[in-house]
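Novice: for reference, the sequence and a predicted model appear below.
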Amino acid sequence: MAAILSLHEAVTQFVNDGDTVALEGFTHLIPTAAGHELIRQKKKDLTLVRMTPDLIYDQLIGAGCAKRLIFSWGGNPGVGSLHRLRDAVERQWPQPLEIEEHSHADLANAYVAGASGLPFAVLRAYAGSDLPKVNPLIKSVTCPFTGEVLAAVPAVRPDVTVIHAQKADRKGNVLLWGILGVQKEAALAAKRCIVTVEEIVDDLKAPMNACVLPTWALSAVCLVPGGAHPSYAHGYYERDNRFYQAWDAIARDREGFTAWIDEYIHGTRDFGEFKSKLAHVAETNK
Amino acid sequence: MNYSTSEMMTVAAARRLKNGAVCFVGIGLPSKAANLARLTSSPDVVLIYESGPIGAKPDVLPLSIGDGELAETADTVVSTSEIFRYWLQGGRVDVGFLGAAQVDRFGNINTTVVGDYHHPKVRLPGAGGAPEIAGSAKEVLIILKQSPRTFVNKLDFLTSVGHGEGGDARKRLGLPGAGPVGIITDLCIMEPEAGTHEFVVTTLHPGVTREQVIAATGWDVRFADTVANSDAPSEYELNALRDLEARTAAAHGQTPGEA
């Protein structure tokens, strides 16, 4: 059974320094609030897994929480580079960041393998690509039936996966819909799973075959309305494209970034306070 | 009607998508061209995005690969793992439509780094879905602006394979798809030469000279024996493209042409 906890309690209880942590969400339902809480609690030496590290991983990397990044596409979608990721890779700031780089198909399959309790994933991939030359974990396996040589990659088994979803019921069953990315696979591949949700309701009223994660497969459910901002939650709020654009300037230099983290993350008690602060500043700047 | 070279590029790329084709679409220029095709010559083109939507019919261009608009207008939305496993690797994609940071004469693509991998001059976003799209789609179209920085003699990193080192490289690598069949730029269209699979210029856009193409290419670019000329964008194509860009800009709060 998932415990219904505050996000602060869930992160304290289920995320340790040095853990392998996956915060998934493919453009939609990105668990931003949870990323902020990892920074607030000054988690360190994390191995971060995510197919599409975007703003939240830029924040975690720049804030010094990460020692290793496992990923397949790292950018600010529709805007450009992640400046903190690039600074870490190109100039080792604020600390060296090991990178382990895959393709989307590879990581998606690796999550499936993790959720399936398998040690590795097999897929038709990488023939002719340089990626296996720089990632020794990309290996090959020969099909025992046809002799075809296929790519073999290790399963992703995070210590903790964090996802954001639309709804939970009071027992902690979770319902999510819209673009689901690899959230279900990432949740089931992990030893522990925290889900932040937009609302907690009496009855999920989930249609048959809907994507429901049962409470007994989860560790904690946390009520964090707006917790995916600046990404979106289908049926609740839209993507804040302006924040993605604004992030480019905030993260461009170290001083500006650090000041932002100090003021907006360390300077706020939780995501609710963070949101109020953002809204207040937006109002003042009008 | 007057038009820009970018508009010519998008229109030329859109014309290459056959009606009814199942197209795996990258974000940015490929998405714009694929949606223009859907709104003009190929209304039944099926657009698949790696975030999960199959048969997306967005009214405005997505800013990110997983915009809600894609899900709302799709025939179905599946998980990202299903997209790559059942639909792409399963052999159901006719055309992979890709962008690139660098491309070489054999249509190999770099989206990973400029400079050395371990000490990069510029760290680019990385592979995303492209390596397997390039491998498994029945054929691949590449769209990008042409310059000596993007059309390079040697890639800094080979992220997604085109025709490898040329010739029958794809067959030797055991890749199921035919690989890139066209590179569409703001100056011209290149297609692989039979046998060598080196990309040669087969079509020049109106008003573009061979010298311009040579100056914008980092290798000793060759021209096909017969070089055709693209038709200028029609009023119908341009209006559809400009309306799409205007709707997109209004929806995302951008200036037209930015998306």
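Specialist: That came through fine. Just so we're clear, the structure is a prediction, and the values are computed from it rather than from any experiment. Residues are numbered from 1 along each chain as shown, chains lettered A, B, ... in the order given.
Novice: tally of neighbours for B:Ala250?
Specialist: 11 (other Cβ atoms under 10 Å in any protein chain shown). Where C-beta positions appear, they are placed from N, C-alpha and C, glycine not excepted.
Novice: who in the stretch 1-150 of chain A is up against chain B?
Specialist: Residues of the stretch 1-150 of chain A lying near chain B by Cβ under 8 Å from any Cβ of the partner chain: A:26-28, A:51-52, A:71-75, A:77-78, A:81, A:85-86, A:89-90, A:101-106, A:108-109, A:111-112, A:123-131, A:134, A:148-149.
Novice: so of those, which ones are in helices?
Specialist: In helices, judged by DSSP state H, the following of these are found: A:85-86, A:89-90, A:104-106, A:108-109, A:111-112, A:131, A:134.
Novice: just the element for the nearest residue to A:Ala108 once chain neighbours are set aside, please.
Specialist: Excluding the flanking residues, the one nearest A:Ala108 by Cβ to Cβ, 6 or more residues apart in numbering or on different chains is B:Ser81, at 4.0 Å. Assigned by DSSP states H and E, B:Ser81 belongs to helix B:80-82.
Novice: and that helix, what other elements does it pack with?
Specialist: helix A:104-115 (3 or more Cβ pairs under 8 Å, 6 or more residues apart in numbering or on different chains; DSSP states H and E).
Novice: who does the helix it packs on touch, helix- and strand-wise?
Specialist: Checking 3+ Cβ pairs under 8 Å, 6+ apart, helix A:104-115 ends up next to strand A:120-123, strand A:149-154, helix A:183-189, helix B:80-82, helix B:130-136.
Novice: from the chain's centroid, how far away is the top helix by length along chain A?
Specialist: If you go by DSSP H, chain A has its longest helix at helix A:271-284. Computed by Cα atoms, centre = their mean, to the nearest Å, the separation of helix A:271-284 from the middle of its chain amounts to 23 Å.
Novice: likewise stretch B:106-121?
Specialist: That offset, for stretch B:106-121, works out to 18 Å (Cα atoms, centre = their mean).
Novice: next: stretch B:157-165.
Specialist: For stretch B:157-165 - counting by Cα atoms, centre = their mean - the centre lies 15 Å from the chain centre.
Novice: any residue of it touching chain A?
Specialist: Yes: under the criterion of Cβ under 8 Å from any Cβ, chain A is reached by stretch B:157-165 at B:Phe157, B:Leu158, B:Thr159, B:Ser160, B:Val161, B:Gly164.
Novice: so who does the third one touch?
Specialist: Contact partners of B:Thr159, counting by Cβ atoms under 8 Å, 6 or more residues apart in numbering or on different chains, are A:Ser129, A:Asp130, A:Leu131, B:Ile109, B:Asn110, B:Thr111, B:Thr112, B:Gly126, B:Ala127, B:Ala130, B:Pro131.
Novice: and which of those is nearest to B:Asp44?
Specialist: Taking Cβ to Cβ as the measure, B:Asp44 lies nearest B:Ala130 of those, at 25.3 Å.
Novice: correct me if wrong: the closest one contacts B:Ile109.
Specialist: Yes: using Cβ atoms under 8 Å, B:Ala130 is in contact with B:Ile109, at 6.4 Å.
Novice: shared neighbours of those two, anything?
Specialist: Contacts common to B:Ala130 and B:Ile109, judged by Cβ under 8 Å, 6+ apart, are B:Leu98, B:Thr159, B:Ser160.
Novice: hang on, the earlier thing: how about the residues of stretch B:157-165 next to chain A, which pair is most distant?
Specialist: B:Phe157 and B:Gly164 (14.4 Å).
Novice: what pLDDT does residue 214 get?
Specialist: Defaulting to chain A. Per-residue confidence (pLDDT) for A:Pro214: 98.
Novice: not quite, I wanted chain B
Specialist: The model's pLDDT for B:Ile214 equals 98.
Novice: that one sits in which helix or strand?
Specialist: helix B:210-215.
Novice: report whether the longest helix of chain A contacts chain B.
Specialist: No: applying Cβ under 8 Å from any Cβ, one finds helix A:271-284 separated from chain B by no less than 14.0 Å.
Novice: just checking, what packs against that helix?
Specialist: helix A:32-40.
Novice: is it true that A:Leu69 lies in a strand?
Specialist: Yes: counting by DSSP: H, G, I helix; E, B strand; the rest coil, A:Leu69 is part of a strand.
Novice: picking up where we left off before, who has more neighbours, B:Phe157 and B:Gly164?
Specialist: For B:Phe157 versus B:Gly164, the count of surrounding residues by other Cβ under 10 Å is larger for B:Phe157: 25 against 21.
Novice: tell me where the stretch 51-200 of chain B has helices.
Specialist: B:68-72, B:80-82, B:130-136, B:169-173 (DSSP state H, counting those that start in this stretch).
Novice: of all those, which one is nearest A:Val224?
Specialist: Per Cβ to Cβ, nearest to A:Val224 of these: helix B:68-72, 19.6 Å.
Novice: in that closest one, what's buried?
Specialist: Residues B:Gly68, B:Glu69, B:Leu70, B:Ala71 are the ones in helix B:68-72 that count as buried (16 or more other Cβ atoms under 10 Å in any protein chain shown).
Novice: I appreciate the help and will end here.
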